[in-house]
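>>> Just to be clear, the model below is a prediction. Sequence and coordinates:
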Amino acid sequence: MTSGNEADDAGGARLTETADGRYELCFERRLAHPPEKVWRAITEWDQLRSWFPAVVEFDLRPGAPLRFGVTEEQVRRYGMPADHVAAGTMLRVEPPNLVEFSWAGEILRWELTADGAGGCVLVFRNIFDDRDIAAPAAAGWHAGLEVVIAQLDGMVIDWSPLDRADELGPEYTNLVPEPRR
């Protein structure tokens with residue numbers, strides 16, 4: 001197995017319209033790391049802070065309230081108010097295979113499945129209402145996943161996920177929903 005992302009170079013994002021009229025953005029990555037190691041990268045604050053697009057007060061208990069604040073980089077770059085906070089709820093937690101929570105009306109879900117060769121497959125889903133956020137969300141999550149993979153591979157993160165999302169943006173401008181499932 002190779003290290004990191006074996007998805008195609010275009011990012012591998014799929015956008016589908018759900019039966020209830022929402023949109024689901026989905027990424028799949030084959031990783032050369034066991035689910036337990038990836039679990040830590042997606043649930044522990046010391047690792048989340050380098051790639052997740054918010055400062056999170058995270059409680060891994062279903063039903064727990066969550067708080068999402070803006071990062072210092074978002075304040076500098078976009079002029080977002082430093083005290084802006086969005087709410088969410090932890091929906092499902094099945095360590096080390098599944099974590100799902102709401103964030104300001106969106107649903108974020110990470111699924112980890114062991115691949116039998118010491119690694120795992122990560123499937124990330126972002127479910128939302130506004131079709132117009134699909135392209136920037138895809139670029140942002142793509143960049144975030146690159147950081148997760150780099151961290152898992154032991155690389156030094158010397159780039160900004162926000163800069164990388166800006167670079168990836170044109171790749172996703174024509175992201176069109178696949179037929180309803």
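Structure's in. What do you need? Numbering: from 1, shown residues only.
>>> tell me what the longest helix belonging to the chain is packed against?
The residue-count maximum for a helix in the chain (DSSP state H) belongs to helix 134-152. Contact here means 3 or more C-beta pairs under 8 Å, 6 or more residues apart in numbering; DSSP states H and E; on that basis helix 134-152 packs against strand 23-31, helix 35-43, strand 120-128, helix 161-168. C-beta coordinates here come from the backbone N, C-alpha and C atoms, glycine included.
>>> relative orientation of the first one and helix 35-43 in degrees?
Pointing back at strand 23-31 there. For strand 23-31 against helix 35-43, the angle by axes from the mean of the first three to the mean of the last three C-alpha atoms, to 10 degrees is 140 degrees.
>>> what inclination does strand 23-31 have with respect to strand 120-128?
170 degrees.
>>> which residues sit against strand 23-31?
Outside strand 23-31, the residues that touch it by C-beta atoms under 8 Å, 6 or more residues apart in numbering are 1, 4-7, 11-18, 38, 115, 119-131, 134, 137-138, 141-142, 145, 149, 152, 177.
>>> With stretch 139-156 instead?
3-5, 11, 13, 25, 27, 29, 31-33, 37-38, 41-42, 47, 50-53, 122, 124, 126, 157, 161-162, 164-166, 168-169, 171-172.
>>> out of these, which are buried?
Taking 16 or more other C-beta atoms under 10 Å as the criterion, what is buried in those is 4-5, 11, 13, 25, 27, 29, 31-33, 37-38, 41-42, 47, 51-53, 122, 124, 126, 161-162, 164-165, 168-169, 171-172.
>>> circling back: which among the helices and strands packed on helix 134-152 is found nearest to D83?
Closest of the helices and strands packed on helix 134-152 to D83 is helix 161-168, at 19.9 Å (criterion: C-beta to C-beta).
>>> list the helices and strands that closest one packs on?
By 3+ C-beta pairs under 8 Å, 6+ apart, helix 161-168 packs against helix 72-78, helix 134-152.
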